[in-house]
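> fold the stuff below for me.
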Amino acid sequence: MKPLDPRLIRHAQAARRYIVVTAALGVALSVLVVAQALLVARAVGRLAAGDPFDGTALGHTVLALAGIVAARVAASWAQERYAHRAAIHTIAELRGAVLEHTVKLGPRGAGAGQLAKTTQLVTRGLDALDAYFARYLPQLLMVVTVTPILLLVAGFTDWQSALLLLLTIPLIPLFMILIGRLTQAASARRLRSMTTLGSQVLDLISGLPTLKALGRERGPAARVRALSQAHSKATFGTVRIAFLSGAALELIATLSVALVAVWVGLRLQAGHLDLVRGLAIIMIAPEVLAPLRHVGTHFHASANGVAASERAFDLLALPLPQAGTVPAPDLAQATITVSDLGVLAKGRGRLAPAGLSFTLEPGSLTALTGPNGAGKSTTVLALLGLIRPDAGRVTVQAPGGAPIDLADVAPDSWWNQIAWAPQRPMLLPGTALQNLLQDWDQPGAVSPAVEAAAAASGFAEVVASLPDGWHSAIGQGGVGLSVGQRQRLALARAFLSPSPLVILDEPTAHLDAATEAHVIASIEALHRAGRTVLVVAHRASLLAMAHQTVTVAWAPAQDAAEASEAAQAEPVQAREAWFL
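Residues are numbered from 1 along each chain as shown. Reported below is the predicted structural model:
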């Protein structure tokens, strides 16, 4: 790995300030080390020379030493404290940058299967950077500040001892490089096992309702257990290498200092070196090698964080496409046309949907149907502008105007006119009312419009069953609500939104018959109010109410490899927009 990745400085403002402060503290520490060594050497030298005892001078020396030690402790404490703060801010900046870049790339922009990996990266992956900032990077900066200064002072004190130090110093980086290659491979294996385990667990959690419904919730336990054991084995392997590398570097540093001490002792005995300079060089020699020794010791602790940051930088390096700039027309009056739409299903060698064409007239009620895997949800994503079709196109046309390709439309102007209720709504920690209003800063008020939306979607019954009503707490992802209750909350958002286009993905999934009839009546009320409604549906009751039914089908891709390369070369400008 690189000792100091310049991309870290470029992407994290906190890292720049931290490096400047740490370098300044390193210079201060080197000055204090020299002052302490010279002060002790002079005091001991006078006593050894048999100078008359001076209590006042000794008291001043002790006070000066106490002040120097206190200053060194304060500087080390400030360095440690600022390192942790810089790590927190840098990790937060990188997380924000990765999340923002990922959502701009869209569902397909970062490659297939990247959602779980990105989730793992922005959580536990980047957390490992704390060791890099708090342990490794401070010592690395000390190497380029303290070591040269102390080596220069050693040269002025005793050039022969300084030459010995200069000759032994390269041995530590040499062994660091050799050990580092082995450590890096072990850290990469550990990161892969942790990522695989995290991806498996996330997939398991997301699919747990389905597995539980099929009675298969205990099936993946053996797989998760095997991944956990592999992760533990890789972790202990990294720790074992860390102990071995630390022992090797300590041995080299100890032998180097011992060599200097023996040479100083021989010269003292021969009378070629005075005691004050000899003591000073013996105390300075370990401090010269200490930063290099600590860099090697903490290298393993930082390798995991650096590996995670490299993945983050690789993701941030993915190019963003050109966003559309044409303002979207008023969707209350515009016609949306899907022409021969085809989207490549990555890894399956087919287009889903394939050759799909239909028109959404203003105020129409359209149902998308078809078998599982045909591409119904993908069609919705294409209509939202979250993915770019591999074949065909989506256009929007105002009355009397020319058709505009959706790729040329400014995303915000398009999304602001759409209310979307996905199968898995985004719910964040807060109250039921805050999640409905999507306002976590203020408690909010239960207005008549909120009550009407809750009644229309069936969420009013859910609120009545909650212990604190509208102010009942909801956890991350909707913890505290059943799958059906989360679906009703998403529907309430759609009903509350004034957007002219409403897209509902399986709105009656996980609902009982009575609630389903209630939701169907509410959807018909939306349509009677003049809003354009698109429903992804399987149930006959939803299909029966639609004025237009569109069947979505898939077909084998003519050249799946070329289509996949084209899709990756031109990712869509998209984000996980909250249209509700």
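> for the helix or strand that Ala28 is a member of, name the packing helices and strands.
Element membership of Ala28 [criterion: DSSP states H and E] is helix 13-48. For helix 13-48, the elements it packs on are helix 6-11, helix 55-105, helix 137-157, helix 275-316, judged by 3 or more CB pairs under 8 Å, 6 or more residues apart in numbering; DSSP states H and E. From N, CA and C alone the C-beta is placed, and that goes for glycine too.
> how far off centre is it?
37 Å (CA atoms, centre = their mean, to the nearest Å).
> for it, buried residues please.
For helix 13-48, burial by neighbour count (16 or more other CB atoms under 10 Å) applies to 14-15, 18-19, 21-23, 25-26, 28-41, 43, 45-46.
> what of stretch 316-335?
Neighbour-count burial for stretch 316-335 [16+ other CB under 10 Å]: Leu316, Pro321, Ala323, Gly324, Ala328, Pro329, Leu331, Ala334, Thr335.
> next, give phi and psi for the third one.
To tie it back to what came earlier, the one meant is Ala323. phi -80, psi 150 (degrees, to the nearest 10).
> for Ala367, give me its contacts.
Going by CB atoms under 8 Å, 6 or more residues apart in numbering, Ala367 touches Leu534, Val535, Val536, Ala537, Leu542, Leu543, Met545, Ala546, Gln548, Thr549, Val550.
> again with Gln487
Per CB under 8 Å, 6+ apart, neighbours of Gln487: Ala421, Gln423, Pro425, Pro507, Ala509, His510, Leu511.
> closest to Gln438 out of those residues?
Among the contacts of Gln487, Pro425 lies closest to Gln438 (CB to CB), at 10.7 Å.
> Val143 is in contact with Val295, isn't it?
Yes. Under the criterion of CB atoms under 8 Å, Val143 makes contact with Val295 at 6.0 Å.
> neighbour count winner among those two?
A count of neighbours by other CB atoms under 10 Å puts Val295 above the other of Val143 and Val295, at 24 against 21.
> any weak-confidence spans in the stretch 1-150 of the chain?
1-5, 9, 11-14, 49-55, 107-116 (pLDDT under 70).
> one more pass at 90, please.
Counting by pLDDT under 90, the stretch 1-150 of the chain has low-confidence residues at 1-69, 71-150.
> repeat for the stretch 251-400 of the chain
251-326, 332, 342-355, 363, 370-378, 381, 384-391, 399-400.
> go with 70
Looking at the stretch 251-400 of the chain by pLDDT under 70, you get 296-297, 299-304, 346-348.
> show me where it has helices.
275-316, 376-384 (DSSP state H, counting those that start in this stretch).
> on that earlier part again, Val409: which of the helices and strands packed on helix 13-48 is closest?
Using CB to CB, the nearest of those to Val409 is helix 55-105, at 15.9 Å.
> for Gln476, see how far away Val533 is.
30 Å (CB to CB, to the nearest Å).
> tell me which of these two has more neighbours.
Taking neighbours as other CB under 10 Å, Val533 and Gln476 compare with Val533 leading, 25 against 9.
> what's the pLDDT at the more buried one?
Here the pLDDT value assigned to Val533 is 91.
> just checking, next helix/strand downstream of the helix or strand that contains it?
Using DSSP H and E, Val533 sits within strand 532-536. Later in the chain than strand 532-536, the nearest helix or strand by DSSP H and E is helix 540-545.
> after that next one, which helix or strand is next?
Following helix 540-545 toward the C-terminus (DSSP H and E): strand 548-551.
> distance between that next one and the chain's centre?
40 Å.
> kindly report the same for stretch 502-510.
31 Å.
> please save the CA atoms from it in PDB.
Provided in PDB are the C-alpha atoms of stretch 502-510 (Å, rounded to 0.1, in the frame of the first residue of the first chain):
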ATOM      1  CA  VAL A 502     -48.100   8.400  -9.200                       C
ATOM      2  CA  ILE A 503     -46.200   5.100  -9.600                       C
ATOM      3  CA  LEU A 504     -47.200   2.300  -7.300                       C
ATOM      4  CA  ASP A 505     -45.100  -0.900  -7.300                       C
ATOM      5  CA  GLU A 506     -47.300  -3.800  -6.100                       C
ATOM      6  CA  PRO A 507     -49.400  -1.600  -3.800                       C
ATOM      7  CA  THR A 508     -51.500  -4.400  -2.500                       C
ATOM      8  CA  ALA A 509     -48.700  -6.900  -1.700                       C
ATOM      9  CA  HIS A 510     -48.800  -8.100   1.900                       C
END
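> what's the mean pLDDT across it?
The average pLDDT within stretch 502-510 is 83.
> so for it, what gets flagged as buried?
Across stretch 502-510, burial judged by 16+ other CB under 10 Å covers Val502, Ile503, Leu504, Asp505, Glu506, Pro507, Thr508, His510.
> can you put those residues in a markdown table and add secondary structure and distance to Leu344?
Listed next are those as a markdown table, based on DSSP: H, G, I helix; E, B strand; the rest coil; distance: CB to CB, whole Å:
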| residue | secondary structure | distance to Leu344 |
| --- | --- | --- |
| Val502 | strand | 28 |
| Ile503 | strand | 22 |
| Leu504 | strand | 25 |
| Asp505 | strand | 21 |
| Glu506 | coil | 23 |
| Pro507 | coil | 28 |
| Thr508 | coil | 30 |
| His510 | coil | 30 |
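> what separates His298 from Ile149, distance-wise?
His298 is 21 Å from Ile149, by CB to CB.
> likewise for Gly96?
37 Å.
> again with Leu356
70 Å.
> strands of the stretch 201-350 of the chain, residue ranges please.
335-342, 344-345, 350-351 (DSSP state E, counting those that start in this stretch).
> which one of those strands lies nearest to Leu383?
Among the strands of the stretch 201-350 of the chain, the nearest to Leu383 by CB to CB is strand 335-342 (7.1 Å).
> so what strands line up beside that closest one?
Strand 335-342 pairs in its sheet with strand 356-360 (antiparallel), strand 391-397 (antiparallel), by DSSP bridges.
> which element follows the longest one toward the C-terminus?
Okay, so that is strand 391-397. With secondary structure assigned by DSSP H and E, strand 391-397 is succeeded by strand 404-405.
> who does that next one pair up with?
strand 391-397 (antiparallel).
> now the angle between helix 137-157 and the helix holding Ala28, please.
Computed by axes from the mean of the first three to the mean of the last three CA atoms, to 10 degrees, the angle separating helix 13-48 from helix 137-157 equals 40 degrees.
> Val288 is in contact with Ile172, correct?
No. Shown here, Ile172 and Val288 do not form a contact pair, counting by CB under 8 Å, at 10.7 Å.
> so for these two, which sits in the more crowded spot?
Val288 (29 against 21).
> need the contacts of Gln487 in JSON lines with secondary structure and distance to Ala382, can you?
Formatted as JSON lines, the entries for the contacts of Gln487 read as follows, by three-state DSSP; distance: CB to CB, whole Å:
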{"residue": "Ala421", "secondary structure": "strand", "distance to Ala382": "17"}
{"residue": "Gln423", "secondary structure": "coil", "distance to Ala382": "16"}
{"residue": "Pro425", "secondary structure": "coil", "distance to Ala382": "20"}
{"residue": "Pro507", "secondary structure": "coil", "distance to Ala382": "19"}
{"residue": "Ala509", "secondary structure": "coil", "distance to Ala382": "21"}
{"residue": "His510", "secondary structure": "coil", "distance to Ala382": "25"}
{"residue": "Leu511", "secondary structure": "coil", "distance to Ala382": "26"}
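> turn those residues into a markdown table, including distance to Glu310.
Output for the contacts of Gln487, formatted as a markdown table (distance: CB to CB, whole Å):
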| residue | distance to Glu310 |
| --- | --- |
| Ala421 | 38 |
| Gln423 | 34 |
| Pro425 | 34 |
| Pro507 | 43 |
| Ala509 | 41 |
| His510 | 41 |
| Leu511 | 46 |
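> lovely, talk soon.
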